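Asks: okay, here's the prediction I keep looking at, along with the sequence it came from:
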4 protein chains.
Amino acid sequence: MIQIGIVGLGYWGPNWLRNFAQTDGCEVRYGCDLDAARCTKFQKQYPGITFTTKFKDLLNDPELDAVVIVTPTSSHFPLAKAALLAGKHVLVEKPMTATLKEANELVKLAKRKKLQLLVDHTFAYTEAVAKIREIIKDGKLGEPLYIDSTRINLGLIQKDTNVLWDLAIHDLTIIDAVQKLDSVVEVFACGSAFYGKQSEIGHLHLKFASGLHAHVHASWLSPVKIRQTLIGGKKAMIVYNDTEPSEKIRVYDKGIEHDTTKPDPFFPKYRSGDVLIPAIALTEALATEAAHFVDCIRGKAKPRVSGEDGKRMVEILEAADKSLKQNRILKIKQG
Amino acid sequence: MIQIGIVGLGYWGPNWLRNFAQTDGCEVRYGCDLDAARCTKFQKQYPGITFTTKFKDLLNDPELDAVVIVTPTSSHFPLAKAALLAGKHVLVEKPMTATLKEANELVKLAKRKKLQLLVDHTFAYTEAVAKIREIIKDGKLGEPLYIDSTRINLGLIQKDTNVLWDLAIHDLTIIDAVQKLDSVVEVFACGSAFYGKQSEIGHLHLKFASGLHAHVHASWLSPVKIRQTLIGGKKAMIVYNDTEPSEKIRVYDKGIEHDTTKPDPFFPKYRSGDVLIPAIALTEALATEAAHFVDCIRGKAKPRVSGEDGKRMVEILEAADKSLKQNRILKIKQG
Amino acid sequence: MIQIGIVGLGYWGPNWLRNFAQTDGCEVRYGCDLDAARCTKFQKQYPGITFTTKFKDLLNDPELDAVVIVTPTSSHFPLAKAALLAGKHVLVEKPMTATLKEANELVKLAKRKKLQLLVDHTFAYTEAVAKIREIIKDGKLGEPLYIDSTRINLGLIQKDTNVLWDLAIHDLTIIDAVQKLDSVVEVFACGSAFYGKQSEIGHLHLKFASGLHAHVHASWLSPVKIRQTLIGGKKAMIVYNDTEPSEKIRVYDKGIEHDTTKPDPFFPKYRSGDVLIPAIALTEALATEAAHFVDCIRGKAKPRVSGEDGKRMVEILEAADKSLKQNRILKIKQG
Amino acid sequence: MIQIGIVGLGYWGPNWLRNFAQTDGCEVRYGCDLDAARCTKFQKQYPGITFTTKFKDLLNDPELDAVVIVTPTSSHFPLAKAALLAGKHVLVEKPMTATLKEANELVKLAKRKKLQLLVDHTFAYTEAVAKIREIIKDGKLGEPLYIDSTRINLGLIQKDTNVLWDLAIHDLTIIDAVQKLDSVVEVFACGSAFYGKQSEIGHLHLKFASGLHAHVHASWLSPVKIRQTLIGGKKAMIVYNDTEPSEKIRVYDKGIEHDTTKPDPFFPKYRSGDVLIPAIALTEALATEAAHFVDCIRGKAKPRVSGEDGKRMVEILEAADKSLKQNRILKIKQG
């Protein structure tokens, strides 16, 4: 049985607690939070788990195989580093680290120690994104033409981070399923801050080596909640509407083709066929992810979101910050 | 009775013909199109109007007061110039001209000749935009925080112009109702072309002197039709959904306020009150616009969309083109 | 060339005028309306057609092949009867007549005179209903389980007829495409009248010989416009939403099956597969119908909606009236 | 502190457990279920509560004030009767009992024993229904004209009860907020059963003494989930869409008035004003209900849904069953 420790029992940590507790092949051995009251509260609910305020207890336990780090971003690096040094596999909340430098160090360390390092880009584990991957793999989308993603609502303004790090990271995860973020070559970001010092509204434009252009609109200041990604391909177009309870993905047999029978090469023919809403299993992404982490530790699977993936995400978000501050387009080297 | 001539009877011209024919205080004296067959066709429907293939007939008729130019963009300038020189008032289709230089010349000429020069930015005459103006005038929106507008569908790709000149011009008209385009200081545009040489998908970012940021997403390559503008203000937020048949405007009593009772000045309070969908008259914008043009000619009204407004629009779109080509942010001087 | 006369140029007649004028193989020879002003107005628009206030002119013209009757319901019978007696084919607006007795007489007369008698149940000619017929014919729906149709809005209250004759007749046309109205054996209707003397809200329940149950909710007093028909079958379910501009039909691969592997025979298994929105051509139903009428006259087609069909519709609506007045379920004999 | 026992820990009981555990002024003293495994499971989660498989333990404890009965319908009567006889206040799940006779007996018994008897008609405690009551109380709806309610989805077919007892009971609760079910004078129900022996689709028509007509469409066999109630009044119309996450209620300033200036008294004027979506607090109905039950026990409040209300509901559902079986309209005496 793989022994797991959950570090950070605030807003998101309890979801990990519940999911790992129900995952086959592993046991939650520790819950850990600096706040003793939280520990006491969860101790009642999970009498078989040891709750502690000391992270060291986890590091020092030779029986513990892995830690899941669900703490504020600034602490991801020191906690993950300590865990890796202590020989523990790590699953860390998104974003992996606060800086690219830190991300780099973690990736190298995990490699050297031959330990698994995974990052919780949750959307990579949703059935909706799995369906998008399948459609693309089956060749039904054709060459991708554009990706346009909107994630806006009247959301909780974060004090220490901007809306791109908080929300656009999900859109970037979806984009990565269409075109690997490895090949991003240009980043432009702009935004506005009204209540705090960090952008509460942000736009992010990515250019890929292939010429593909992706755009993300993220906002904490919208009266309406929209979570929609448009993916245009040569053969079909996909609309992924995440606010729909079940009909999340629509595949439009729509597109434009050159009419080669016409003398003028520019004479587009419009195709407007059926729309398909594929059935999607309603499983919880965290359950899939917990099982996957266990499989990775056992050597049965390769990380769907590796440390390298987490690092690339941080690199792009860091570039976005720089673009925002310098009000210019930023080139970034291919991953 | 003001005597009107309609020039260009292709796709949009007949709408002007029909609307001016029903407008009080004026008479349609001429219909004009290079295509004789079109003239014959409309002659049957409007036996009281003179249809001609010769624009000169209009210029030479001293009884004619005004011309409405509904021809391809490249011909707007020569036709409008000739009309003004012949002493006719002019209402010209959007965009006013193909270049800023031309726009400048028309504005100066109209001023010198003391003639009315109006531009058909249709949305300026819709009841929905009138309602937005009213909400703002009544102080219900508060200081504008952002404007974000989306105008996408599987649309007719234009051969000679990009999607910003074709579609985003409508969003810019709506934006102008919130914050005059006069005070735009920065323009950034990016886009993609797949089928022709001009961008079929475009994003336009505007920064205003006040710091306000506006964004437009325009596309001919979307599987779904979206025509939605979000306007965020300090006191309320507006969603204008133009694909709704009647409930086009929603006013959200939503927002964020600093909680000054807290020690930490950054402690936002969220307000989430009622939503109001105001009743909007379902009148045709062109009818309002036709009557307004007649009023302007008679000196009873000032142009809602003047030559200056048309020129500013062309200036911004020209800057967008430049930004697109040079892949950089463009400063433009205040209007 | 089949020679056509259009009788009644009020609200709906001009649509027939326009559609027959564009139909191959026929010519509109007459337009007819008691109101001379209407005749004058349309004369200008259609100079090649003879407009007259005298219905007799049509009857007396031996060159005229057929009349299209688009007058108030109470006049359908005398006009259609006179036309048939004069040897003209007839296409009559829905409902065919005001009473079953009249409908009966027309059907017999047409048969005796060997003339075509068609009724304008418009929905029978829509692409959406054609698609529903196709799905059923292909066996994709399976045995029909239920039909439930809603047609409500804030509509024009009719003075002389109730909402079932005005609106539910469309739902009945859609129902007829799933299960022929011939086999209706029971009718129950209830309703309410607030402003006039006729029901402004109505519910209609039909039982078919097969046991199938259909329900229609029609209302002129709803704040929202709903035009939706649910069709449940053993193999699939269809939702036909007529207020959607293009995505009108959805086919749900959903259903329930007995799990025969379980000891208890009552153990339903739920199937929830893909949803398909088939592409539907956006043609005008009246254009299809006009061409079809001409084909029927030429002996190239059999009426999609015959006098018999029109008569059955009147029979059901008459039964509904009786059920409403007597507040009881009515048996009707099979057609 | 009021001492509460929860009886039945299957699907719905745990929600009561959780809510009463968080309600001020009371303590959950017992959890009770015939299934020992369930007791063990919840014992871990709620160490301070006594879990038992013996209902008698609750009856015999003189400290226990009240029981909440969340068991299958057939057991409501014996359990509630025993509890009342033992001097305990009772909150029983809907429907109160399986028969009117049983309901009658419970109401009499509670009265004789001077104990509170409440029924969980959950919708009576939602903020949405509270808002509807407020709108009506403020006179904004005007005289009610109609109520039409739809509650359909692909739902779990119940083996021992029909869809009216399972789903329409919620619509009836909403209807009761507009017009007390006391004054229902006629009931008509029809339905269809395909998989089991009980109607899986049902329609229920109610006539009230005032002439008001209400209709409910309930189904377990719909491909789409609709939970919508239309309430038409002389002054306004309400649409309550319960599938909306937050914008559940819309108040339409729409209606029809007689134009008394016209010679013909039947000349309706249509009014189509603003639509208001009032803000609704997102509280859990069970939390409100738990606190209300405690208040009723303490004599601080009168039951919002009393035994009398529960009895009336059973009476109407029993009449619906009879109407279904006998295929006729049923008169019922006023409550």
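Replies: Alright, I've got the coordinates.
Asks: can you pull out the helices in the stretch 51-200 of chain A?
Replies: A:55-60, A:76-85, A:100-113, A:127-137, A:163, A:169-178 (DSSP state H, counting those that start in this stretch).
Asks: residues near residue A:302, how many?
Replies: 10 (other CB atoms under 10 Å in any protein chain shown). To be clear about C-beta, it is placed using only N, CA and C from the backbone, and glycine gets the same treatment.
Asks: hang on, it in a strand?
Replies: No - counting by DSSP: H, G, I helix; E, B strand; the rest coil, residue A:302 is located in no strand; its state is coil.
Asks: quick one, what contacts the residue nearest to it when sequence neighbours are not counted?
Replies: Nearest non-adjacent residue to residue A:302, counting by CB to CB, 6 or more residues apart in numbering or on different chains: residue A:296, 7.0 Å away. Counting by CB atoms under 8 Å, 6 or more residues apart in numbering or on different chains, residue A:296 makes contact with A:89, A:116, A:118, A:302, A:303.
Asks: now do 10 Å
Replies: A:66, A:89, A:91, A:116, A:117, A:118, A:302, A:303, A:304, A:306 (CB atoms under 10 Å, 6 or more residues apart in numbering or on different chains).
Asks: and the helices of the stretch 51-200 of chain A as JSON lines, adding distance to residue C:35?
Replies: As requested, those are exported to JSON lines (distance: least, CB to CB, whole Å):
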{"stretch": "helix A:55-60", "distance to residue C:35": "90"}
{"stretch": "helix A:76-85", "distance to residue C:35": "81"}
{"stretch": "helix A:100-113", "distance to residue C:35": "80"}
{"stretch": "helix A:127-137", "distance to residue C:35": "59"}
{"stretch": "helix A:163", "distance to residue C:35": "64"}
{"stretch": "helix A:169-178", "distance to residue C:35": "61"}
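Asks: show me chain A divided up by domain.
Replies: A:2-115, A:126-283+A:315-331 (automatic domain parsing).
Asks: would you format those as CSV with mean neighbour count, mean pLDDT and distance to chain C included?
Replies: Output for the domains of chain A, formatted as CSV (neighbours: other CB atoms under 10 Å in any protein chain shown; pLDDT from 0 to 100; distance: least, CB to the nearest CB, whole Å):
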stretch, mean neighbour count, mean pLDDT, distance to chain C
domain A:2-115, 19, 97, 23
domain A:126-283+A:315-331, 19, 93, 4
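Asks: would you mind giving the ones you listed as a markdown table with distance to residue B:326 added?
Replies: Shown next, in a markdown table, are the domains of chain A (distance: least, CB to CB, whole Å):
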| stretch | distance to residue B:326 |
| --- | --- |
| domain A:2-115 | 29 |
| domain A:126-283+A:315-331 | 10 |
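Asks: ok, which of these comes nearest residue C:47?
Replies: Closest to residue C:47 of the domains of chain A is domain A:126-283+A:315-331 (CB to CB; 36.6 Å).
Asks: start and end of that closest one, how far apart?
Replies: Start and end residues of domain A:126-283+A:315-331 are separated by 31 Å (CA to CA, to the nearest Å).
Asks: now it, how far from the centre of its chain.
Replies: Computed by CA atoms, centre = their mean, to the nearest Å, the chain-centroid distance of domain A:126-283+A:315-331 equals 13 Å.
Asks: ok, the closest residue to chain B within the stretch 51-200 of chain A - contacts?
Replies: Among the residues of the stretch 51-200 of chain A, residue A:192 lies closest to chain B, at 4.9 Å counting by CB to the nearest CB. With contact taken as CB under 10 Å, 6+ apart, residue A:192 is in contact with A:163, A:199-203, A:219, A:221, B:145-146, B:207, B:211-213, B:232.
Asks: and chain D, is the longest strand along chain A touching that?
Replies: Counting by DSSP state E, the longest strand found in chain A is strand A:221-233. Yes - residues of strand A:221-233 are located near chain D by CB under 10 Å from any CB of the partner chain, namely A:224, A:225.
Asks: give the pairing partners of the following helix or strand past that strand; include direction for each.
Replies: Downstream of strand A:221-233, the next assigned helix or strand under DSSP states H and E is strand A:237-241. Strands that pair with strand A:237-241, judged by DSSP bridges, come out as strand A:221-233 (antiparallel), strand A:249-258 (antiparallel).
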